[in-house]
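Undergrad: Task: produce atomic coordinates for the following.
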Amino acid sequence: MAPADHPFWWGVSTSAYQIEGAVRADGRGVSIWDTFTHEPGRIATGETGDVACDHYHRHAEDVALMAGLGIDAYRFSVAWPRVQPDGRGPVNQRGLDFYRRLVDDLLAAGIAPVLTLYHWDLPQALQERGGWLDRDTAARFAEYADLVAAALGDRVALWITLNEPFVHTVFGYAMGVHAPGLALMFGALSAAHHQLLGHGLAVSALRSRTGSPIAIANNYSPVVVAGGTGRAEPWVGEPSDADHAAADAYDALHNRLFTDPLFGRGYPSGFDLPVADGDLEVIAAPIDAIGVNYYQPTAIRAPSTPDSDLPFDIVALEGYPVTDFGWPVVPDGLRDILTRLHRDYGRPLYVTENGCAYADTPDDQRRIEYLSSHIDAVQAARSAGADVRGYFVWSLIDNFEWAEGTSKRFGLVHVDFDTLVRTPRASYAWLRDRIARSRAEETP
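TA: Reported below is the predicted structural model:
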């Protein structure tokens, strides 16, 4: 079928640790992010996610905000330590019941639940046994997936196994700026493999419990080849063969490493991964869609020093406005990655995250312009033939933004972190009207 023959989902996304709070409520166990945020110096603002947005107690209010937007679907994540406090063993019924109530409320509001099983909040007890560096964590993840699917089954419209295994591997295990805070560099690659192995095992567990479609959400970044002469400036001279080779190496790490094996192509060459017999067949368990998280392209050139630990240098992508994270705003990058994924893998696509961090202005115009231009990029990709079936804004509400604490605001809804009062921004009203208009025109 052509993309136009499928319904298009408008949605918003969040994640458990970033909004739920209530970290000690109803038998929830400790996650690696609970541990990490309580270590001095880990979070820029000195905050933790102990309260965050208190979505755990205010979810009905947040579902009402979603209903006011007129969205079709809500992507949220389940906190593994709420369901299995130690990452193994019997279900914590009180924790699982929270997600039953959330799904009930979503369905009553006419909103399709899109459930992500893992958005980085590994139970601390599993981390103490090695975390994703330990092969056994993949098996534990499949058991957890089975427990959640047994409870929610076909009431979930789309299942997503993992969120951004690239980011979790690089920031959490290679560089140490996210939980669990390990700085292993290329020694972190086993965490990548075990996450993908866990994904494959979870797909099989889900298939035995549900007929709903299954996907994985990867962070994708188009790679721009930058020229260089070894000096500090990012744009000096035309790209050389070495620059192109560096860009290929980065693309293999960021994009292909986490997608090729899903489709039976194995890992790109040059990576030392702990692959056992049968692993690649497990990882390639058929999936129904790819979740695409897009924020920015990455500019790459050859290393500026011969003894560099990496086969590439990441450099500034100049000539574009930037968000408060310093990320360049390049809507065409979203169009390009969607058309590439459609061409290379031939699966339906959902933009499962796209958004921007901006400090408040009276008219919220920068956020509106960002969203408008990226929605236009989705439409351009669909017009070019890409089978894109949904667009989810990151995020519904301001949240605990990982290592940045609450200093970076992505929400369509402002959150006062002292009072937890929610106040819709102008971009909320703009998106509500854009969704209504798109339905009338039958186009994103």
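
Undergrad: Which parts of the stretch 51-200 of the chain are strands?
TA: 73-77, 112-118, 158-163 (DSSP state E, counting those that start in this stretch).

Undergrad: out of the ones you listed, nearest to Val23?
TA: strand 73-77 (14.7 Å; CB to CB). Every residue, glycine included, has its C-beta placed from N, CA and C.

Undergrad: Packing partners of the closest one?
TA: For strand 73-77, the elements it packs on are strand 9-13, strand 112-118, strand 158-163, strand 388-394, judged by 3 or more CB pairs under 8 Å, 6 or more residues apart in numbering; DSSP states H and E.

Undergrad: Of all those, which one is nearest Ser407?
TA: Once those are compared by CB to CB, strand 388-394 is nearest, at 16.2 Å.

Undergrad: Strand partners (parallel or antiparallel) of that closest one?
TA: In the sheet, strand 388-394 lines up against strand 9-13 (parallel), strand 349-353 (parallel) (DSSP bridges).

Undergrad: for stretch 268-279, what is the average pLDDT?
TA: Averaged across stretch 268-279, pLDDT comes to 97.

Undergrad: Export only the CA atoms of that stretch, formatted as CSV.
TA: Extracted in CSV, the C-alpha atoms of stretch 268-279 (Å, rounded to 0.1, in the frame of the first residue of the first chain):
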residue,chain,number,x,y,z
PRO,A,268,29.0,-3.2,9.8
SER,A,269,32.7,-4.3,9.5
GLY,A,270,35.2,-3.0,11.9
PHE,A,271,33.4,-3.5,15.2
ASP,A,272,34.5,-6.0,17.9
LEU,A,273,31.2,-7.3,19.3
PRO,A,274,30.6,-10.4,21.5
VAL,A,275,28.4,-12.2,19.0
ALA,A,276,27.6,-15.8,19.9
ASP,A,277,26.2,-18.4,17.5
GLY,A,278,22.6,-17.6,16.7
ASP,A,279,22.7,-14.0,18.1
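
Undergrad: Out of the strands paired with strand 388-394, which gets nearest to Thr298?
TA: Once the strands paired with strand 388-394 are compared by CB to CB, strand 349-353 is nearest, at 16.4 Å.

Undergrad: any chance of the helices and strands packed on strand 73-77 in TSV, with distance to Glu353 and mean neighbour count too?
TA: Below are the helices and strands packed on strand 73-77 laid out as TSV (distance: least, CB to CB, whole Å; neighbours: other CB atoms under 10 Å):
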stretch	distance to Glu353	mean neighbour count
strand 9-13	5	25
strand 112-118	10	25
strand 158-163	8	26
strand 388-394	4	25
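
Undergrad: quick one, which of these is nearest to Tyr99?
TA: Closest to Tyr99 of the helices and strands packed on strand 73-77 is strand 112-118 (CB to CB; 7.9 Å).

Undergrad: ok now that closest one, how far from the chain's centre?
TA: 12 Å (CA atoms, centre = their mean, to the nearest Å).

Undergrad: That strand pairs with which strands, parallel or anti?
TA: When pairing is defined by DSSP bridges, strand 112-118 lines up against strand 73-77 (parallel), strand 158-163 (parallel).

Undergrad: Turn the strands of the stretch 51-200 of the chain into a markdown table, including mean pLDDT.
TA: Formatted as a markdown table, the strands of the stretch 51-200 of the chain follow (pLDDT from 0 to 100):
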| stretch | mean pLDDT |
| --- | --- |
| strand 73-77 | 99 |
| strand 112-118 | 99 |
| strand 158-163 | 99 |
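
Undergrad: Thr361 is nearest to which of these?
TA: strand 73-77 (26.8 Å).

Undergrad: Could you report the neighbour count for Ala403?
TA: By other CB atoms under 10 Å, 17 other residues sit near Ala403.

Undergrad: Assumed it was part of a helix.
TA: Yes - according to DSSP: H, G, I helix; E, B strand; the rest coil, the state of Ala403 is that of a helix.

Undergrad: Format the strands paired with strand 112-118 as JSON lines; extra columns: distance to Phe312.
TA: Compiled in JSON lines, the strands paired with strand 112-118 are given as follows (distance: least, CB to CB, whole Å):
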{"stretch": "strand 73-77", "distance to Phe312": "31"}
{"stretch": "strand 158-163", "distance to Phe312": "25"}
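
Undergrad: Out of these, the one nearest Gly21 is which?
TA: The closest of the strands paired with strand 112-118 to Gly21 is strand 73-77. By CB to CB, the value is 14.2 Å.

Undergrad: Let me know which of the strands paired with strand 112-118 is the nearest to Asn293.
TA: For Asn293, the closest of these is strand 158-163, at 7.6 Å, according to CB to CB.

Undergrad: ok, and what's touching the closest one?
TA: With contact meaning CB atoms under 8 Å, 6 or more residues apart in numbering, strand 158-163 is reached by 15, 73, 75, 77, 112, 114-120, 145, 149, 168, 195-196, 198-199, 202-203, 206, 210, 212-217, 289, 291, 293, 350, 352.

Undergrad: Put the alpha carbons of it into CSV.
TA: The C-alpha trace of strand 158-163 is given here as CSV (Å, rounded to 0.1, in the frame of the first residue of the first chain):
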residue,chain,number,x,y,z
LEU,A,158,2.3,-0.1,19.0
TRP,A,159,5.1,-1.7,21.1
ILE,A,160,8.6,-0.3,21.1
THR,A,161,11.3,-2.4,22.6
LEU,A,162,14.3,0.0,23.1
ASN,A,163,14.7,3.7,23.0
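
Undergrad: Nearest approach to Gly187 belongs to which of the strands of the stretch 51-200 of the chain?
TA: Nearest to Gly187 among the strands of the stretch 51-200 of the chain is strand 158-163 (20.3 Å), distances taken as CB to CB.

Undergrad: Now mean pLDDT and distance to Pro321 too, for the strands paired with strand 388-394, in JSON lines please.
TA: Shown next, in JSON lines, are these (pLDDT from 0 to 100; distance: least, CB to CB, whole Å):
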{"stretch": "strand 9-13", "mean pLDDT": "98", "distance to Pro321": "23"}
{"stretch": "strand 349-353", "mean pLDDT": "98", "distance to Pro321": "20"}
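
Undergrad: Just put those in JSON lines and tack on distance to Arg82.
TA: Shown next, in JSON lines, are the strands paired with strand 388-394 (distance: least, CB to CB, whole Å):
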{"stretch": "strand 9-13", "distance to Arg82": "19"}
{"stretch": "strand 349-353", "distance to Arg82": "21"}
